[in-house]
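Chemist: Here is a sequence with its predicted model. Questions after.
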2 protein chains.
Amino acid sequence: MYVTYLECPRCKMRLPEKVLANTCSQCDAPLLVRYDLATIGAVCDPDSFSNRSWDMWRYRELLPLPRKVEPVTLGEGMTPILNVSALGNELGFSRLFMKDEGLCPTGTFKARGASAGVSMAKLLGVEHIALPTAGNAGGAWAAYGARAGIGVTVIMPKDAPVQTIQECVAYGARTYLVDGLISDAGRIVGEACSRLGWFNASTLKEPYRIEGKKTMGLELCEQFQWRSPSVIVYPTGGGVGLIGIWKALQELRSLGWLRGSMPRLVAVQAAGCAPIVEAYHQEKEESTFWSGAETIAAGLRVPKASGDFLVLSALRTSRGTAVSVSDEDIAVKQALASRWGCNISLEGAAGLAAIAQLADEGWLYDDDEVLLINTGSGLKNPGGPLPELPVLDIDASL
Amino acid sequence: MYVTYLECPRCKMRLPEKVLANTCSQCDAPLLVRYDLATIGAVCDPDSFSNRSWDMWRYRELLPLPRKVEPVTLGEGMTPILNVSALGNELGFSRLFMKDEGLCPTGTFKARGASAGVSMAKLLGVEHIALPTAGNAGGAWAAYGARAGIGVTVIMPKDAPVQTIQECVAYGARTYLVDGLISDAGRIVGEACSRLGWFNASTLKEPYRIEGKKTMGLELCEQFQWRSPSVIVYPTGGGVGLIGIWKALQELRSLGWLRGSMPRLVAVQAAGCAPIVEAYHQEKEESTFWSGAETIAAGLRVPKASGDFLVLSALRTSRGTAVSVSDEDIAVKQALASRWGCNISLEGAAGLAAIAQLADEGWLYDDDEVLLINTGSGLKNPGGPLPELPVLDIDASL
């Protein structure tokens, strides 16, 4: 394995690898895993991956787990990229592709972070993990914890999607609801971890979740024949996937494996909770805690992301942008996607709403290729009550 | 493309390919697609597939769609095979693997059949499809129909799983409920198709659904390095997947690509609807319509499968067997799988119950490798009411 050290992206402090670490001990920023890219480039190349296992662990050289250690896997990754130009036409932009993370275990992209995070936690001797969640991360970490035989405690807002609560319980996680937001849950988790010796696996409180999410970036480049689409649209709650994709692209470029240009990154948030959009347009380096956060897209209800400065930096460096969309538009776009055969998450639907806005504003160029990351399956956001349907007798005819 | 003709497996009647066909015009049996395997073997080999798209269409030479025609795809296939030995230990058999079809679009293996069936229907000019369904096939064909721009009418039992009803409606299918079973829905569909000129896409009423399901067999052989596990356990409603997997294995063996032995196939049904199990143990060539069919595993509630004779023949030729399991055991095994991180369908859980039975009876050998086909995601069988969970105040501690 080719990890050299863990690095604080803010103060540049370095930690040795193979240490159970949370955040930077000096400035509390998230830690990033750094690799010996020169050696990786000498031992493998883009063709090395095609005959490997059908999951994200095929990019083993660019992941933190030592080669001889079995990952904690449920088959996450290698999700398809669909040409959705017909759907795009309805949004005003036809060169549209969608990477469907709904086909990950537990139904969302959270599986990637959990697979990497739980694999490393197991390797490093963790016996109990705790995390706050808006819903889907809890389900994912509960599943991978169960698979690894590691205890998991999850705290989630009491109005989190019912199915995500059900799955945490089914996977055997100790599941608590909180009469508040994910930020409140996070505070309770932090205190409990300090007191009880549990490992805090909150978003960006440990360095490996990003590495799992990074594989979305590795995959999409491989799927585009080691190029990148010109625009990547990412529904942004905690923003780990956006940070991870950007890290993947930088690593691939350093390796010389990525041909062509880097993409412009677009962060999408809900109008009822848009701290990163606000900070981006106010040209701030960090976001401000968003009071009264509210949106139907539970995964976007993150009032203050601890990696906000990394998200904002990636948006600026890539010459991207940040867009907020209304809940009404999210619901409309989710229904529209279904009419084209795609059962996407509310967060993914927010991305569609943003693409329509960007097309309308002329921010997209005619020759752009736009890739939406659909972060989860619509099966985790079941629709409301059934419409009245005709019930036939057994001797009926249509 | 290498299709030679369509063949009736009962009376051996042949039909030219590129004809919109339902069943055999002489004996009404399902039609099978036959290929020029000698030419396929000359133009490609097992290594040909590794650099292709991440879906079932990578096995293009062994599929009916002409090479230059774009398939109607949502990224179905290339599902993982997990080593679930810890779960197997609890069932009394540790060399257990699971192919997780829950990671297909629409959450079940039905996506494969729908992708192949809708692709061919579109190619052959179909404008409206109708089918009966226990639930999941309806969702899948509705999704692929929406993606293809083909109209879909679905008729399903009024007590089909709510989520499958919701998804048919969301995909824009004309959705009807029937106060009866899938067999009743099938009769109404058949009559409507004759009268209205719709294409009847009922199970085994058209030849291409099998070809889609066949890709499970192609994939599992590739995943086992072009060998087969010694036992394949298949939850059997209509049995199309079992027929398809057996067809795949035979084609691969004819091509000389499959090393080692053929597997023993095991059909699993619910005790409340076990026509194939009954026919197997009574050594009959066909099953008898099962009156009063009832089980919590909706996909297994098929009182008489039109391909029963093909399923029974595959079970016998492979020296396999057929097992029925109780609803109570299905529910227990679904919960057990969750405790090991696997959120499987009720039908998949029936397979686990069968494996425990077979281990207990000594039908499995110590050196067997058993592969369960988990046909769908547990997300499509949401659990019952939530247990009472603790609700914390925002200033609480654990």
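Modeler: Here it is on my side, so go on.
Chemist: mind showing which ranges of chain A have poor pLDDT?
Modeler: Scanning chain A for pLDDT under 70 picks out A:382-384.
Chemist: those helices in it, which residues are they?
Modeler: Remark: helices assigned in chain A by DSSP state H are A:37-43, A:85-91, A:110-123, A:136-148, A:162-170, A:182-196, A:208-223, A:240-255, A:275-281, A:308-317, A:327-339, A:346-361.
Chemist: Does anything pack onto the second one? Which helices or strands?
Modeler: With contacts defined as 3 or more Cβ pairs under 8 Å, 6 or more residues apart in numbering or on different chains; DSSP states H and E, helix A:85-91 has these neighbours: strand A:96-100, helix A:327-339, helix A:346-361. Backbone N, C-alpha and C define where each C-beta goes, glycine included.
Chemist: Can you list the neighbours in contact with that helix?
Modeler: Here helix A:85-91 makes contact (Cβ atoms under 8 Å, 6 or more residues apart in numbering or on different chains) with A:94-96, A:98, A:333, A:336-337, A:340, A:342, A:352, A:355-356, A:359, A:370, B:149.
Chemist: So among those residues, which ones count as buried?
Modeler: Among the contacts of helix A:85-91, those scoring as buried are A:94-96, A:98, A:333, A:336-337, A:340, A:342, A:352, A:355-356, A:359, A:370 (criterion: 16 or more other Cβ atoms under 10 Å in any protein chain shown).
Chemist: Keep only those of those residues that are also close to chain B.
Modeler: Residues of those in contact with chain B (Cβ under 8 Å from any Cβ of the partner chain): A:340, A:342.
Chemist: nearest to residue A:177, of the buried ones among the contacts of helix A:85-91?
Modeler: Proximity of those to residue A:177 was ranked by Cβ to Cβ; the top entry is residue A:333 with 29.1 Å.
Chemist: Quick check: the closest one touching residue A:352?
Modeler: Yes: using Cβ atoms under 8 Å, residue A:333 is in contact with residue A:352, at 4.0 Å.
Chemist: Based on its surroundings, how many neighbours for the nearest residue to residue A:255 once chain neighbours are set aside?
Modeler: In space, and not counting its chain neighbours, residue A:255 is closest to residue A:41: 4.9 Å by Cβ to Cβ, 6 or more residues apart in numbering or on different chains. For residue A:41, the neighbour count with other Cβ atoms under 10 Å in any protein chain shown is 14.
Chemist: again with residue A:332
Modeler: Residue A:332 has 15 neighbours, counted by other Cβ under 10 Å.
Chemist: so what's it closest to, chain neighbours aside?
Modeler: The shortest distance from residue A:332 to any non-neighbouring residue, by Cβ to Cβ, 6+ apart, is to residue A:353 (7.7 Å).
Chemist: Distance-wise, check that neighbour relative to chain B.
Modeler: Separation of residue A:353 from chain B (Cβ to the nearest Cβ, to the nearest Å) stands at 18 Å.
Chemist: Next: residue A:53.
Modeler: The span separating residue A:53 from chain B equals 8 Å under the rule Cβ to the nearest Cβ.
Chemist: quick one, what contacts that residue?
Modeler: Listed by Cβ under 8 Å, 6+ apart, the contact set of residue A:53 reads residue B:80.
Chemist: contacting residues for the residue of the stretch 201-350 of chain A found nearest chain B?
Modeler: Residue of the stretch 201-350 of chain A nearest chain B, by Cβ to the nearest Cβ: residue A:341 (3.2 Å). Residues near residue A:341 by Cβ under 8 Å, 6+ apart: B:74, B:143-148, B:171.
Chemist: can you tell me which residues contact the residue in the stretch 101-250 of chain A positioned nearest to chain B?
Modeler: Residue of the stretch 101-250 of chain A nearest chain B, by Cβ to the nearest Cβ: residue A:147 (3.2 Å). For residue A:147, the contact set (Cβ under 8 Å, 6+ apart) comprises A:72-74, A:118, B:340-342.
Chemist: Recalculate using a threshold of 7 Å.
Modeler: Going by Cβ atoms under 7 Å, 6 or more residues apart in numbering or on different chains, residue A:147 touches A:72, A:74, B:340-341.
Chemist: Name the residue closest to the centre of chain A, please.
Modeler: With distances taken as Cα atoms, centre = their mean, the residue of chain A nearest its centroid is residue A:241 (3.8 Å).
Chemist: Spatially nearest residue to that residue (excluding sequence neighbours)?
Modeler: Leaving out its chain neighbours, the residue that sits closest to residue A:241 by Cβ to Cβ, 6+ apart is residue A:213, at 4.5 Å.
Chemist: what does residue A:130 give?
Modeler: Using Cβ to Cβ, 6+ apart and skipping the chain neighbours, the partner closest in space to residue A:130 is residue A:153 (4.1 Å).
Chemist: Look up which residues are beta-bridged to the one you found.
Modeler: On the basis of DSSP bridges, residue A:153 is bridged to residue A:130, residue A:174.
Chemist: Please report the distance of it from residue B:85.
Modeler: Per Cβ to Cβ, to the nearest Å, residue A:153 is found 27 Å from residue B:85.
Chemist: Show me which of those two is the more surrounded one.
Modeler: Using other Cβ under 10 Å, the more surrounded residue of residue A:153 and residue B:85 is residue A:153, with 26 against 13.
Chemist: so who does that one touch?
Modeler: By Cβ under 7 Å, 6+ apart, the contact set of residue A:153 is A:128, A:130, A:173-174, A:198.
Chemist: is it true that residue A:10 touches residue A:28?
Modeler: No: look at residue A:10 against residue A:28 with Cβ atoms under 7 Å: they stay out of range, at 8.8 Å.
Chemist: want to try TSV for the contacts of residue A:147, with distance to residue B:45 as columns?
Modeler: Output for the contacts of residue A:147, formatted as TSV (distance: Cβ to Cβ, whole Å):
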residue	distance to residue B:45
A:72	34
A:74	31
B:340	37
B:341	36
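Chemist: Check the residues you listed and tell me the two furthest apart.
Modeler: By the measure Cβ to Cβ, A:72 and B:340 form the most distant pair in the contacts of residue A:147, at 11.5 Å.
Chemist: For residue A:36, which non-adjacent residue is spatially closest?
Modeler: residue A:2 (4.7 Å).
Chemist: For residue A:251, see how far away the one you found is.
Modeler: For residue A:2, the distance to residue A:251 (Cβ to Cβ) stands at 11 Å.
Chemist: Kindly report the same for residue A:393.
Modeler: Counting by Cβ to Cβ, the gap from residue A:393 to residue A:251 is 63 Å.
Chemist: Between these two, point out the one with more neighbours.
Modeler: Neighbour count, other Cβ under 10 Å: between residue A:393 and residue A:251, residue A:251 has more, with 20 against 11.
Chemist: List the residues that contact that one.
Modeler: Taking Cβ under 7 Å, 6+ apart as the test, what residue A:251 contacts is A:35, A:37, A:62.
Chemist: could I get the residues you listed as TSV with distance to chain B and neighbour count?
Modeler: What follows is these, written out as TSV (distance: Cβ to the nearest Cβ, whole Å; neighbours: other Cβ atoms under 10 Å in any protein chain shown):
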residue	distance to chain B	neighbour count
A:35	25	21
A:37	24	19
A:62	18	24
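Chemist: for chain B, what are the nearby residues on the stretch 151-300 of chain A?
Modeler: A:155, A:158, A:162-163, A:165-167, A:169-172, A:175-180, A:184, A:188, A:191-192 (Cβ under 7 Å from any Cβ of the partner chain).
Chemist: right, and residue A:67 touches residue A:60 too?
Modeler: Yes: between residue A:67 and residue A:60 a contact is recorded at 6.0 Å, counting by Cβ under 7 Å.
Chemist: more neighbours, the two?
Modeler: Taking neighbours as other Cβ under 10 Å, residue A:67 and residue A:60 compare with residue A:60 leading, 19 against 9.
Chemist: Look up how far residue A:52 lies from that one.
Modeler: Separation of residue A:60 from residue A:52 (Cβ to Cβ): 8 Å.
Chemist: now do residue A:18
Modeler: For residue A:18, the distance to residue A:52 equals 24 Å [Cβ to Cβ].
Chemist: And for residue A:138?
Modeler: Counting by Cβ to Cβ - residue A:138 and residue A:52 are separated by 30 Å.
Chemist: between those two, which one's more packed in?
Modeler: residue A:138 (30 against 13).
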